[in-house]
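[1] This is the structure alone, sequence omitted:
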């Protein structure tokens, strides 16, 4: 009897063993015995809880928006779901990470972090755009911080030095070391590309960075629409502002994608400058574009911030481009955990008003007011999502189709 019970218990426990969620990560090398493999390339699949696959399937992307329910609140609160998002969404595909003015000249660099991936983007001595994992090959110290200009990367821990092409130039105090080839200990590369004024990175080791392929993968058929509506490299960078928000990264995206639904209720000053009755949304492969005409011309002058038309483009999974009047600003949403994100705003301006400091200050103050209002909304939504009183919601079919499109793309990424 005891043996039978033991066997039954063993079989029951075995049946609880979580099943694989997806094929083996492309970050895992095919062989593990090569001295050329850098450990950070592996980017092992974050620890994904048993419930994550079940949570994914609690949203059905095949149901039309008029009958669909939103993803469950657990998509915005569950740590195992967040871990799966990093692996399936952010460690795959092209991601916006910066803008081209940051790496305009040889020696220019900037750093960033996405999930557990630390990276550095730079312009090498020959003017070539480069990107690497920002981790020393010696004992894993972070190499560079912030942004600026360097002739090389010197590890602050033990002084190992790397060229801007990633090659190891100097390994200090290694007298007597055996089986060491410095040509095999350069920085591990990250795929990098540009489109218009933006710098893009892809954490997958084997992808094509040809500009036309990148454009197709990142923007699809929306690229011409963006180019024709003033999203280009002719604008001048003005400033950057960053916001730490106590909400899941998708809450901020959802707020952006509600088709202006919340604007007359939460942004009354902004609403007065827009004709919300003319708001339209068009979805493309991985992009949605919302457009809205300016409001009444009675209060407008030559330096009106919003102009006669506003374009709001969302590029999956976490990048927004806003083009209005002489301005363009971008919003990059960096996930920091199940209930925290950092949103980076970069502001660009047309040459005709770039020297008008009063106008710039007034416009930035108006934009800041909108951001503060949105932060209150997003943090309030996160608290509501964590309440036992809420699980799922519904879509407003005539205005929230961009949000619905975002949720369907997310489901697709998580099930690949």
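    In hand now; what should we look at? For clarity, every value in this text was computed on a predicted model and none was experimentally measured.
[2] what's in contact with stretch 203-217?
    When contacts are taken as CB atoms under 8 Å, 6 or more residues apart in numbering, the neighbours of stretch 203-217 outside the stretch itself are 26-27, 41, 43, 90-95, 114, 117, 190-195, 200, 202, 223. (Each C-beta comes from the backbone N, C-alpha and C, glycine too.)
[3] among these, which are in strands?
    When the contacts of stretch 203-217 are checked against strands using DSSP state E, the ones located there are 94, 95, 114, 117, 191, 192, 193, 194, 195, 200, 202.
[4] export those residues to a markdown table and tack on neighbour count and distance to residue 54?
    As requested, the ones in strands among the contacts of stretch 203-217 are arranged in a markdown table below (neighbours: other CB atoms under 10 Å; distance: CB to CB, whole Å):
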| residue | neighbour count | distance to residue 54 |
| --- | --- | --- |
| 94 | 26 | 29 |
| 95 | 23 | 27 |
| 114 | 17 | 26 |
| 117 | 20 | 27 |
| 191 | 17 | 33 |
| 192 | 23 | 36 |
| 193 | 22 | 36 |
| 194 | 17 | 40 |
| 195 | 21 | 37 |
| 200 | 24 | 33 |
| 202 | 23 | 29 |
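[5] So what's the residue count around residue 313?
    Burial of residue 313 is recorded as 23 neighbouring residues (other CB atoms under 10 Å).
[6] same deal with residue 321?
    Applying other CB under 10 Å, we find 24 other residues in the vicinity of residue 321.
[7] Look up the closest residue to it, ignoring the ones flanking it.
    The spatial neighbour of residue 321 that comes closest, neighbours along the chain excluded (CB to CB, 6 or more residues apart in numbering), is residue 313 at 4.4 Å.
[8] And the next helix or strand past the one helix or strand the one you found maps to?
    Secondary-structure element containing residue 313, defined by DSSP states H and E: strand 309-315. On the C-terminal side of strand 309-315, the nearest following helix or strand under DSSP H and E is strand 319-324.
[9] Just read off the phi/psi values of residue 173.
    Note on residue 173: its backbone torsions stand at phi 50, psi 50 [degrees, to the nearest 10].
[10] which ones are touching it?
    Going by CB under 8 Å, 6+ apart, residue 173 touches residue 158.
[11] Just the pLDDT for it.
    With respect to pLDDT, residue 173 scores 97.
[12] hmm, back to that, tell me the spacing between the residue nearest to residue 321 and residue 375.
    If you measure residue 313 against residue 375 using CB to CB, to the nearest Å, the figure is 21 Å.
[13] ok, now residue 73?
    In terms of CB to CB, residue 73 sits 20 Å off from residue 375.
[14] I'd say residue 263 and residue 273 touch.
    No - with contacts counted by CB atoms under 8 Å, residue 263 stays clear of residue 273, the gap being 10.2 Å.
[15] ok, the two, which is more surrounded?
    Neighbour totals were compared for residue 263 and residue 273, and residue 273 leads with 21 against 18 (other CB under 10 Å).
[16] Ramachandran coordinates for the more buried one?
    Backbone torsions for residue 273, taken as degrees, to the nearest 10, come to phi -100, psi 10.
[17] Pretty sure it sits against residue 293.
    No - under the criterion of CB under 8 Å, residue 273 makes no contact with residue 293, lying 10.4 Å away.
[18] how far does stretch 138-150 sit from the chain's center?
    Here stretch 138-150 shows a centroid-to-chain-centroid distance of 21 Å under the convention CA atoms, centre = their mean, to the nearest Å.
[19] what helix or strand is residue 119 on?
    When elements are defined using DSSP H and E, residue 119 is found to belong to strand 117-123.
[20] Centre of the chain to that strand, how far?
    How far strand 117-123 lies from its chain's middle: 15 Å, per CA atoms, centre = their mean.
[21] Sheet partners, orientation included, of the strand holding residue 313?
    Partners of strand 309-315 in the sheet, by DSSP bridges, are strand 287-294 (antiparallel), strand 319-324 (antiparallel).
[22] starting at the chain centroid, how far to it?
    Computed by CA atoms, centre = their mean, the separation of strand 309-315 from the middle of its chain amounts to 17 Å.
[23] what angle separates it from strand 191-195?
    Computed with axes from the mean of the first three to the mean of the last three CA atoms, to 10 degrees, the direction of strand 309-315 lies at 160 degrees from that of strand 191-195.
[24] Could I get the buried residue list for strand 309-315?
    Residues of strand 309-315 classed as buried by neighbour count (16 or more other CB atoms under 10 Å): 309, 310, 311, 312, 313, 314, 315.
[25] which outside residues touch that strand?
    With contact meaning CB under 8 Å, 6+ apart, strand 309-315 is reached by 96, 218-219, 222, 226, 229-231, 253, 256-257, 274, 286-294, 320-325, 402, 406.
[26] hmm, try it at 7 Å
    Strand 309-315 has contacts (CB atoms under 7 Å, 6 or more residues apart in numbering) with 96, 218-219, 226, 229, 256-257, 274, 286-294, 320-324, 402, 406.
[27] Many thanks, we can stop here.
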